[in-house]
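Engineer: no sequence for this one, just the structure:
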C-alpha cells in the first residue's frame, strides 16, 4: 500500500500509556490506517511498553505505526516512521540518525510546509485546520490555508486539528490525503464506532 | 583516557537550554571531566541546539559528553554516551539501536546496580547518596549503600545526589570513581570556582 493510502485515517494517542492499547485496537478495528504513539506525558519506558503492543497491533491490521517526537522510541519499536514538529529534532538530522524511518513533518503554515518538503519530509501533518483543545496554542490554518498547502506541495498531506465527523468531508474536499485525529476517536465513548464513522465519511462510502 | 578517569567530576545541566552553555564552559574550565545534557524541561530542538555547543566544548576540553534519557539526541549530537534510568528505554534496547554509545545506568539500590551491570551498562550513576532537592522523590542510598554497590560491581560507579564540597571527600572514600553534581556546580554563583574546588577535593590535591 502506498504511503498516501495509509494516511487516510491517522489516529494519534492521547497519552500513550498501556491503558490506551485497547483503544488503539478498537480504532484499528474501526478502520484506522495509521497509528501514532504520542506520549509527551508519560516516561519513555511506559511509552515503550505501550508502543510495543501498539506496533504489533498496527502490523496485524496492515496499518502504519508512527512515533511522535522521539526518534529513539521509533527505532526501539521498529516503527514505520516518526513525526517531527518545529520544536523537535530537525528533519535533516533525523534522516541522518534514522535513514530507514519515514518522516512526517508537523507544519502550521504554508511557509513551514514548503520548507519541510524541501528538507525531505515524506509527508506533512498540516494544521490546525480548526481550533482544538488538544493544542490550544496552535495557529489555525482554516480550510483555505490547508487547501493552499495541498496545492503547493507534492508529498501527501494529513490534515489535523479539530477534525470531527461533522467537518471531515469538507476537510477531504481540500484535496488532503487523510485526516489525523486524537480526541474524535481516542476520546469517544465507542472508539471503534467513532473510527468507523470517520472512515466512512472520508472515503465517501 | 579510560572511561573511569573521565567520570571523576561529572557535571549535569539543570535545564539543558542555551542559557547554560556558558556555565558548561566554566565548569569545564574548572575541571569537569564529563558533561551530561539533561533537558527534561525544554523541547528537543532547544536541547539539540544547546547540546551542539556543549558537545563541542566538551571535546575542546577533553571531557566526555553524555545525554540523559534521549538516545536520539545522543545520536544527533554525536555524544559519547547516554544515561538511562528505570523509567527510560531499557539498556538492552538502547544497545541495539545505538551500539556505539556508552551507556550509563541510573540506579537507586544494590539490586538495580547488579541488574544494570548484568544488562551491559558501561558505568553506573548511583544515588541518591544524600537527599537532594533536584530529585526529592529519589530513594536515599547513604554512604553505606553506595559503598556496597562499589564493592559488588566491576564497572565504574559515579555517585550522585546531594553531593557538595562538604561531603565529596567521604563520598570518594567509599571507592566511587567520581561524583556527579547538578546544583553544586551549575547552581553556584561562580561555576568555575565551584568546579575547581570540587575537583581538588575529589582528587585530594
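Structural biologist: Nice, thanks for sending it over. As the structure is a computational prediction, the values presented were derived from the model and not from experiment.
Engineer: Wait, residue A:82 touches residue A:104, no?
Structural biologist: Yes. At 7.2 Å, residue A:82 counts as touching residue A:104 under the criterion of Cβ atoms under 8 Å. Yep, even glycine has a C-beta here, placed from its N, CA and C like the rest.
Engineer: which of these two has more neighbours?
Structural biologist: A side-by-side neighbour count of residue A:82 and residue A:104, using other Cβ atoms under 10 Å in any protein chain shown, places residue A:104 first with 31 against 27.
Engineer: Name the next helix or strand downstream of whichever strand or helix holds that one, please.
Structural biologist: Following DSSP states H and E, the helix or strand that holds residue A:104 is strand A:102-107. Moving toward the C-terminus from strand A:102-107, the first helix or strand encountered (DSSP H and E) is helix A:110-118.
Engineer: May I see the buried residues of that following helix?
Structural biologist: A:110, A:112-113, A:116-117 (16 or more other Cβ atoms under 10 Å in any protein chain shown).
Engineer: For residue A:105, which residues are in contact?
Structural biologist: A:83-85, A:91, A:112-113, A:116-117, A:119, A:121, A:123-125 (Cβ atoms under 8 Å, 6 or more residues apart in numbering or on different chains).
Engineer: hey, what's in contact with both of residue A:82 and residue A:104?
Structural biologist: By Cβ under 8 Å, 6+ apart, the residues touching both residue A:82 and residue A:104 are residue A:66.
Engineer: avg pLDDT for stretch A:93-103?
Structural biologist: For stretch A:93-103, mean pLDDT is 98.
Engineer: does chain B sit close to the longest helix along chain A?
Structural biologist: Longest helix of chain A, by residue count under DSSP state H: helix A:44-60. Yes. Helix A:44-60 is in contact with chain B by Cβ under 8 Å from any Cβ of the partner chain, via A:44-46, A:48.
Engineer: can you give me the helices in chain A?
Structural biologist: A:3-6, A:21-29, A:44-60, A:71-76, A:91-97, A:110-118, A:142-152, A:168-172, A:183-186, A:191-202.
Engineer: Make TSV out of these and add distance to residue A:15.
Structural biologist: What follows is these, written out as TSV (distance: least, Cβ to Cβ, whole Å):
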stretch	distance to residue A:15
helix A:3-6	23
helix A:21-29	10
helix A:44-60	9
helix A:71-76	14
helix A:91-97	24
helix A:110-118	26
helix A:142-152	27
helix A:168-172	24
helix A:183-186	9
helix A:191-202	14
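Engineer: List the residues that contact residue A:63.
Structural biologist: Contact analysis of residue A:63 by Cβ under 8 Å, 6+ apart lists A:6, A:28, A:32-35.
Engineer: And the residues you listed, which is closest to residue B:196?
Structural biologist: residue A:35 (51.9 Å; Cβ to Cβ).
Engineer: The closest one contacts residue A:57, doesn't it?
Structural biologist: Yes. Assessed by Cβ under 8 Å, residue A:35 is found in contact with residue A:57 at 7.5 Å.
Engineer: ok, residue A:66 - contacts?
Structural biologist: A:34-37, A:74, A:79-83, A:102, A:104.
Engineer: Please report how far the closest residue to it other than its chain neighbours lies from chain B.
Structural biologist: What sits nearest to residue A:66 in space, not counting adjacent residues and going by Cβ to Cβ, 6 or more residues apart in numbering or on different chains, is residue A:36, at 4.3 Å. Separation of residue A:36 from chain B (Cβ to the nearest Cβ, to the nearest Å): 16 Å.
Engineer: what's the neighbour count on residue A:36?
Structural biologist: Neighbour number of residue A:36 under other Cβ under 10 Å is 27.
Engineer: which residues does residue A:13 contact?
Structural biologist: A:20, A:23-24, A:35-39, A:50, A:54, A:182, A:186.
Engineer: Make JSON lines out of those residues and add pLDDT.
Structural biologist: Output for those, formatted as JSON lines (pLDDT from 0 to 100):
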{"residue": "A:20", "pLDDT": "97"}
{"residue": "A:23", "pLDDT": "98"}
{"residue": "A:24", "pLDDT": "98"}
{"residue": "A:35", "pLDDT": "98"}
{"residue": "A:36", "pLDDT": "98"}
{"residue": "A:37", "pLDDT": "98"}
{"residue": "A:38", "pLDDT": "98"}
{"residue": "A:39", "pLDDT": "95"}
{"residue": "A:50", "pLDDT": "98"}
{"residue": "A:54", "pLDDT": "98"}
{"residue": "A:182", "pLDDT": "96"}
{"residue": "A:186", "pLDDT": "97"}
